[in-house]
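Q: Structure for the following, please:
(2 chains)
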Amino acid sequence: METEDPRAPLDVRIDSPGREGLTGTAPATLYRRLRDSEEITLAPDGRPMDEQPAWRTEFPIDWPQDHYVERRDFMKFMVLVSLSLTIGQFWIAGQNWWRRRRGDLPLTRVASVGDVPVGGAIVFSYPGPSDDCLLVRPAAETFVAYSQKCTHLSCAVRPRASEGLIACPCHDGYFDLLSGRPVAGPPRRPLARIRLDVRGEQIYATGVEATTA
Amino acid sequence: MSVDGTNRRPFTRGQRTTILSGMLAFVIMLTVLQLWLLTATMNAYLGGDERVVWPAAVTSAGCFLLNAGLLRYLYFLDRERR
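A: As a prediction, the model looks like this:
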């Protein structure tokens, strides 16, 4: 590949390198073909330019180069998307690491047995003050507690103890009251279950169980 | 002489476009795989299944490295042409 600058001063002798017999002061490289034969502009439909509409001949675009550049830029964008997805994946891994490092959740008193009537429910916060949960008493000796966030889109679920269900009013999702498993509607994962410990007349929350099954 | 020091003739633009299209198809497949992996991992993580989190992160990183390698080759192709 020739790299000399055509504007550089030349030796005026006719047989000097770079002139190759040309008269005048023009270097031979000025007449060198600047583009390869395969880099001739082609219309997108492949027909010759004299068969193309007037607008295309008046505003010629180097279509093959245009195709190459747009694919190249799209590939760069996709690699950027790939990087973002990888960062998201490691963000989940970091959250998981943080959750495990946090260890066991604290033992927290939720209510007294007498605070919840049979067939009734109360709302409490566990483990954080913004984590609302439901404590339901379907039978005299049975207490169950779940996170109040629907596993579909995090709407607040409501108990229907008489029907044995917990319902999400946003998209008509239903969960089984005793197991927390989804039984109808869009949710696919069970509600996060709050582990309970009944000690005498006091009910304590001891942890959270989130499962896919 | 090409940038890697050999006397190989540089690819023509048509050849480069074909190579680029192949690489792009591969990058799209890997990125869609990563997207699926992210949604599946998020679903598993929110459901308390922690076993898949780190293997999925490593797999996703591997996909990104492959994509980055292909992008590096694209820059190499462009540099070779100049």
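Q: switch to C-alpha atoms for all contacts and neighbour counts from now on
A: Noted.
Q: Leaving aside the residues adjacent along the chain, what's closest to residue 57?
A: All of this is about chain A. Excluding its sequence neighbours, the residue lying closest to A:Thr57 (Cα to Cα, 6 or more residues apart in numbering or on different chains) is A:Met49, at 6.6 Å.
Q: that's the other chain; I wanted chain B
A: That would be A:Gln89: by Cα to Cα, 6+ apart, it lies 5.2 Å from B:Ala57.
Q: tell me which element the one you found falls in.
A: helix A:63-102 (DSSP states H and E).
Q: can you give me the offset of that helix from its chain's centre?
A: In terms of Cα atoms, centre = their mean, to the nearest Å, the centre of helix A:63-102 is found 9 Å from the chain centre.
Q: Chain B contacts on chain A?
A: Counting by Cα under 8 Å from any Cα of the partner chain, chain A comes close to chain B at A:1, A:38-39, A:64-65, A:67-68, A:71-72, A:75-76, A:78-79, A:81-83, A:85-86, A:88-90, A:92-93, A:96, A:189-190, A:192, A:209-212.
Q: Just the buried ones from those, in PyMOL syntax?
A: Entered in PyMOL, the line below selects the buried ones among the residues of chain A next to chain B, by 16 or more other Cα atoms under 10 Å in any protein chain shown:
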select buried, chain A and resi 64+65+68+71+72+75+76+78+79+81+82+83+85+86+88+89+90+92+93+96+189+190+192+210+211+212
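Q: any idea where the strands of chain A begin and end?
A: Counting by DSSP state E, residue ranges of the strands within chain A are A:108-112, A:121-125, A:132-139, A:142-147, A:158-160, A:165-168, A:173-176, A:182-184, A:193-199, A:202-209.
Q: shaky segments in chain B?
A: Of all residues in chain B, those with pLDDT under 70 make up the ranges B:1-8, B:81-82.
Q: quick one: the residue nearest to A:Thr57 from chain B, how far?
A: Distance from A:Met49 to chain B, counting by Cα to the nearest Cα, to the nearest Å: 19 Å.
Q: For the residue nearest to B:Ala57, list the residues it contacts.
A: B:38, B:41, B:53, B:56-57, B:60 (Cα atoms under 8 Å, 6 or more residues apart in numbering or on different chains).
Q: which of those has the most neighbours?
A: Most neighbours among the contacts of A:Gln89, by other Cα atoms under 10 Å in any protein chain shown: B:Ser60, with 27 neighbours.
Q: tell me which element it falls in.
A: helix B:53-81.
Q: Give me the spatial nearest neighbour of A:His67, chain neighbours excluded.
A: Nearest residue to A:His67, sequence neighbours excluded (Cα to Cα, 6+ apart): B:Thr17, at 7.8 Å.
Q: What about the one you found, how many residues nearby?
A: Counted with other Cα under 10 Å, B:Thr17 comes out at 19.
Q: So it versus A:Met49, what's the distance?
A: Note on B:Thr17: its distance to A:Met49, by Cα to Cα, to the nearest Å, is 21 Å.
Q: what's the answer for B:Arg9, then?
A: 30 Å.
Q: Ok, A:Glu209 next?
A: 69 Å.
Q: tell me the contacts of the closest residue to A:Lys149 other than its chain neighbours?
A: The shortest distance from A:Lys149 to any non-neighbouring residue, by Cα to Cα, 6+ apart, is to A:Ala156 (5.1 Å). The contact partners of A:Ala156, taken as Cα under 8 Å, 6+ apart, are A:148-150, A:168-169.
Q: what pairs with A:Arg193 across the strands?
A: Beta-bridge pairing for A:Arg193 (DSSP bridges): A:Tyr146, A:Glu209.
Q: give the contact list for it.
A: Contacts for A:Arg193 were tallied using Cα under 8 Å, 6+ apart; they are A:145-147, A:180, A:208-210.
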